[in-house]
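Student: Need coordinates for the below:
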Amino acid sequence: MVFETSAHYYRFFANESRRGGSPLYEKLSLGIADSPELQRLTRGKKKGQPSANLIFGAVQYVLLGGLDDPLKEYYPSLGGTRPADDRAFDLFAAFCRAHEAVLVDIIAKRATNTNEAGRSSLLLPAFDLIARNTGAPLGIVEIGSSAGLNLNFDRYGYRYMGEQGTPKLERWTDAPFVLSCMLEGPGVPDLGATPPPVASRVGLELYPTDISDENERRWLKALVWPERLDRLGKLDGALKVAALYPPPAIRGGDAVSNLAAALAAIPSGQTRCVYHTVMSYQLSGEQLKRINEILFEASKIVPIWRVTVEGEVAHPNPTETFNPLKVSRYLNGTRQVQTLAVCDPHGLSMEWKLGSA
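Tutor: Numbers count the residues shown, from 1 in each chain. Okay, here's the model as predicted:
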């Protein structure tokens, strides 16, 4: 998505915030759209990082650190109960001015490596389909893994709810951490009785998150929109699982640098499966092209599978986006793509398409 000015970008983000359940960020985004002063806070951000997420994440990060400020009254994540109003933006702007140096430093050093564990609800049916089709355990490689919480997808329980609020599909609900996902429409994924077997797992992350560090965990929480207490609960649950099963990560390079080696390191007898969720916007067109080329090249030796949940431009309205769950099979330098579902990008809901009329 390309915008003529920063004002257009923040108005777009206001619309995304409204759709995503954050009236506060909608109000603040509209205010920033008319404030070149606040827009300049992100001048020193890392290349490819989204400005709005960084500003909002940095402010909430400081507030989560225990700073007492009336702005907290608007943050449910901090116990606030006031609805978003014009005063909220006035307090936000004053907070940014008062703490400009700290916020600019955070924005320059941090990346929006949001790790939404709810996306495992979307990934599970795709991994299950691949594992049953190949009859072999998975060797999974996540591009843009952040803290690697989705690398533990097979250690979670799942509850897929119908639109009336009753379960339509449940698996492993005795697990210590259970994810819920709304199933919209009549389609229901076909899941096996046991989790797809995972023989090896690794994450490729340019800015890896060390979940043993309290400040790193606080940054992950700061990236969750303040009204989304449900997402904060999922993050806390997934972090507890990760404390027991720390996901491995390759550090010191991007996916283009590490992907070929990560695939080659997967032992024979495992199904090589690459996946990524809502991260391609941080890559250049050349990087995305190169990843595709790497997968084509690797598929000349052994089949490669790819699972994606990424935003795509809607038609005929190019100002809207949607998030399909896709499974691609690379074989002998060719690619076949199948769309399984259309999803909420945070894993809150899914409309299953495979097998539907």
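Student: residues contacting residue 285?
Tutor: Residue 285 sits next to no residue when contact means CB atoms under 8 Å, 6 or more residues apart in numbering. C-betas here are computed from N, CA, C, even on glycine.
Student: what is the mean pLDDT for stretch 117-124?
Tutor: For stretch 117-124, mean pLDDT is 97.
Student: How about residue 131: what's its closest non-neighbour residue?
Tutor: residue 196 (3.8 Å; CB to CB, 6 or more residues apart in numbering).
Student: ok, then the element right after the helix or strand of the chain with the lowest mean pLDDT?
Tutor: Sorted by mean pLDDT, DSSP states H and E, the helices and strands of the chain end with strand 249-250, the least confident at a mean of 74. Using DSSP states H and E, the helix or strand that directly follows strand 249-250 along the chain is helix 255-264.
Student: just checking, what packs against that following helix?
Tutor: The helices and strands touching helix 255-264, judged by 3 or more CB pairs under 8 Å, 6 or more residues apart in numbering; DSSP states H and E, are strand 138-143, strand 198-204, strand 271-277, helix 285-298.
Student: Not counting the third one itself, show me its contacts.
Tutor: Contact partners of strand 271-277, identified using CB under 8 Å, 6+ apart, comprise 116, 119, 122-123, 126-127, 130-131, 134, 136-144, 150, 259, 263, 266, 295, 298, 302-310, 345.
Student: Could you identify the buried members of these?
Tutor: Among the contacts of strand 271-277, the ones that count as buried by 16 or more other CB atoms under 10 Å are 116, 119, 122-123, 126-127, 130-131, 134, 137-144, 150, 259, 263, 266, 295, 298, 304-310, 345.
Student: Now do the contacts for residue 205.
Tutor: 113, 144, 145, 146, 148, 249, 250, 251.
Student: Could you measure from the spatially closest residue to the fifth one that is not a sequence neighbour over to residue 282?
Tutor: Using CB to CB, 6+ apart and skipping residues adjacent in sequence, the residue nearest residue 148 is residue 247, 2.9 Å away. As judged by CB to CB, to the nearest Å, residue 247 and residue 282 stand 19 Å apart.
Student: do residue 215 as well
Tutor: Residue 215 is 22 Å from residue 282, by CB to CB.
Student: Those two: which has the busier surroundings?
Tutor: A count of neighbours by other CB atoms under 10 Å puts residue 282 above the other of residue 215 and residue 282, at 19 against 9.
Student: For the host helix or strand of residue 217, output the C-alpha coordinates as PDB.
Tutor: Using DSSP H and E, residue 217 maps to helix 214-222. Extracted in PDB, the C-alpha atoms of helix 214-222 (Å, rounded to 0.1, in the frame of the first residue of the first chain):
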ATOM      1  CA  GLU A 214      11.400  -8.600  30.800                       C
ATOM      2  CA  ASN A 215      11.800  -5.600  28.600                       C
ATOM      3  CA  GLU A 216      11.500  -7.800  25.500                       C
ATOM      4  CA  ARG A 217       8.300  -9.300  26.800                       C
ATOM      5  CA  ARG A 218       7.000  -5.800  27.600                       C
ATOM      6  CA  TRP A 219       7.700  -4.700  24.000                       C
ATOM      7  CA  LEU A 220       5.600  -7.600  22.700                       C
ATOM      8  CA  LYS A 221       2.800  -6.500  25.000                       C
ATOM      9  CA  ALA A 222       3.100  -2.900  24.000                       C
END
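Student: middle-most residue in the chain, spatially?
Tutor: In the chain, the C-alpha nearest the mean C-alpha coordinate belongs to residue 116, at 4.6 Å (CA atoms, centre = their mean).
Student: Return the residues in contact with that one.
Tutor: With CB under 8 Å, 6+ apart, residue 116 has these contacts: 150, 231, 234, 235, 277, 278, 345, 346, 347.
Student: now the fourth one: how far from residue 123?
Tutor: Going from residue 235 to residue 123 by CB to CB gives 16 Å.
Student: can you check the second one too?
Tutor: Per CB to CB, residue 231 is found 16 Å from residue 123.
Student: Show me where this protein dips below the pLDDT cut-off.
Tutor: 1-4, 114, 251-253, 314-320, 355-357 (pLDDT under 70).
Student: Break it into its domains for me.
Tutor: 6-109, 117-209+219-352 (automatic domain parsing).
Student: got the end-to-end distance for the last one?
Tutor: So the one you mean is domain 117-209+219-352. 19 Å (CA to CA, to the nearest Å).
Student: repeat for stretch 67-79
Tutor: Termini of stretch 67-79 sit 13 Å apart (CA to CA).
Student: Do you have the strands of this protein handy? List them.
Tutor: For the chain, applying DSSP state E gives strands covering 138-143, 157-161, 167-171, 178-183, 198-204, 249-250, 271-277, 304-309, 312-313, 321-331, 334-343, 349-352.
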